[in-house]
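Novice: Got a predicted model here, sequence first, then my questions.
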Amino acid sequence: MVNNKNTFDSILGFLGVLSLLIILHDIYNTLKTDTATNVISDDALKAIQDPKTADKLRQAVDDYHDTGEWSETNLESIL
């Protein structure tokens, strides 16, 4: 009877350690995701790096702050 209890305890201990390793492996995989988060598109980055385009965009943003509306035709002509 004691031998069966020790075997049962050993199996439960093994399953507990195995479960812990699986959880740790899952956490590791979640943390190592290789995703890139681009807040700004490549085209927009090029546009703001050009001083002339950046000035035009700044003016468009200032106009938006004054009026509360975007001028889509103005933005499309800039970009």
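Specialist: Thanks, I have the structure now. Numbers count the residues shown, from 1 in each chain.

Novice: Is D63 part of a helix or strand, or is it coil?
Specialist: The local conformation at D63, judged by DSSP: H, G, I helix; E, B strand; the rest coil, is helix.

Novice: these two touch, right, it and I78?
Specialist: No: with contact defined as C-beta atoms under 8 Å, D63 does not reach I78; the gap is 11.5 Å. All C-beta atoms are positioned from the backbone trio N, CA, C, and that covers glycine.

Novice: Give me the distance between L75 and A44.
Specialist: Counting by C-beta to C-beta, to the nearest Å, the gap from L75 to A44 is 11 Å.

Novice: Would you mind finding the longest helix in the chain?
Specialist: Scanning the chain for the longest helix, with DSSP state H as the assignment, gives helix 2-31.

Novice: Show me which positions of the helix or strand just after it end up buried.
Specialist: Remark: after helix 2-31, the chain's next helix or strand is helix 42-49, criterion DSSP states H and E. Using 16 or more other C-beta atoms under 10 Å as the test for burial, helix 42-49 gives A47.

Novice: residues making contact with helix 42-49?
Specialist: Under the contact criterion C-beta atoms under 8 Å, 6 or more residues apart in numbering, helix 42-49 has outside partners I40, T53, A54, L57, I78, L79.
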